[in-house]
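K.L.:
all I have is the shape, not the residue letters:
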């Protein structure tokens, strides 16, 4: 199957942002530059990943979804449990129902793809999904368990990607005036974020908890505004993403390996070394950004890609059949 260079470039850009944001996270909220960069990234990077994932979710086989998402998720959960308890010395109970660190997206993606074919047939489902996403913030019982808060909050972006008509969009986006306008609008949005960054709680972007737990009295309004801005940024960046194949395009076809492995490296550096003491400065932030790019290149290597590919090739259906016949 021929690769789509446009979406490979988009995914390569997004996975770099994911890695960069996670490597800046241990610097905490006291490092103003790192915090600002994380807010800019968190504004749109996972909404955009949900959007792109939705576009490629037209054909959904339950068996393939289990092999490609649930099997790697389960193995990674087990891996995080042993690393946390025996290497990082962070006492953690084992569970498959509360995703560790970055793994929430795999579980959410599995559920989204299982339901999308039926849900997409509901008339007016996109505005309904956005409305439900806003309402979900009022429920204190929805949180990290099954990643329900994020699963519901990010689902509208997945729906938008599922309904995305690339051909029609490109007819509009390929105009020079549209690209220039998109660049100006993006600069304006990020400039606005720069001015008001200190008054925006980064937890709003993460969408892990209810408004009450995040201590946001008008959280529903902030999430509504966030929906509008993040959706706009997704399409504006889509206008500017290169269409042709470049030297980095292949990274977009290997995002799963990067996504699964980079988190363990982040936590190992954070808990087992004092390396972040050397990055607590503006120059250190720049170095971490460079290191994130280098790590993306390393983790997108053939060996890592083949290793992750083998996880998706485990004959789970044969194992299940054998257990059923015993």
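P.N.:
It's in. Given the structure is predicted, the values throughout are model-derived calculations rather than measurements.

K.L.:
quick one: the strands in this structure?
P.N.:
Along the chain, counting by DSSP state E, no stretch forms strands.

K.L.:
centroid-nearest residue for it?
P.N.:
residue 46 (3.4 Å; C-alpha atoms, centre = their mean).

K.L.:
and it, what does it touch?
P.N.:
Neighbouring residues of residue 46 by C-beta atoms under 8 Å, 6 or more residues apart in numbering: 18, 105, 154. Backbone N, C-alpha and C define where each C-beta goes, glycine included.

K.L.:
make sure the second one is actually in contact with residue 259.
P.N.:
Yes. Checked against C-beta atoms under 8 Å, the pair residue 105 and residue 259 is within contact range at 7.4 Å.

K.L.:
most neighbours among the contacts of residue 46, which one is it?
P.N.:
Within the contacts of residue 46, most neighbours by other C-beta atoms under 10 Å means residue 154, with 26 neighbours.

K.L.:
and the contacts of stretch 6-16?
P.N.:
Counting by C-beta under 8 Å, 6+ apart, 45, 48-49, 52, 55-56, 166, 237-238, 241-243, 245-246, 248-253, 255, 258-259, 292-293, 296 sit against stretch 6-16.

K.L.:
restricted to helices, list these.
P.N.:
Among the contacts of stretch 6-16, the residues falling in helices (DSSP state H) are 45, 48-49, 52, 55, 166, 237-238, 255, 258-259, 292-293, 296.

K.L.:
make a ChimeraX selection of the buried ones in the residues you listed.
P.N.:
In ChimeraX syntax, the buried subset of the ones in helices among the contacts of stretch 6-16 is picked out as below (16 or more other C-beta atoms under 10 Å):
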select :45,48,49,52,55,237,238,255,258,259,292,296
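
K.L.:
can I get the ones in helices among the contacts of stretch 6-16 in JSON lines including pLDDT and distance to residue 9?
P.N.:
Listed next are the ones in helices among the contacts of stretch 6-16 as JSON lines, based on pLDDT from 0 to 100; distance: C-beta to C-beta, whole Å:
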{"residue": "45", "pLDDT": "94", "distance to residue 9": "15"}
{"residue": "48", "pLDDT": "97", "distance to residue 9": "12"}
{"residue": "49", "pLDDT": "96", "distance to residue 9": "14"}
{"residue": "52", "pLDDT": "97", "distance to residue 9": "11"}
{"residue": "55", "pLDDT": "96", "distance to residue 9": "14"}
{"residue": "166", "pLDDT": "95", "distance to residue 9": "13"}
{"residue": "237", "pLDDT": "97", "distance to residue 9": "11"}
{"residue": "238", "pLDDT": "97", "distance to residue 9": "11"}
{"residue": "255", "pLDDT": "94", "distance to residue 9": "12"}
{"residue": "258", "pLDDT": "94", "distance to residue 9": "15"}
{"residue": "259", "pLDDT": "94", "distance to residue 9": "17"}
{"residue": "292", "pLDDT": "95", "distance to residue 9": "17"}
{"residue": "293", "pLDDT": "95", "distance to residue 9": "15"}
{"residue": "296", "pLDDT": "95", "distance to residue 9": "13"}
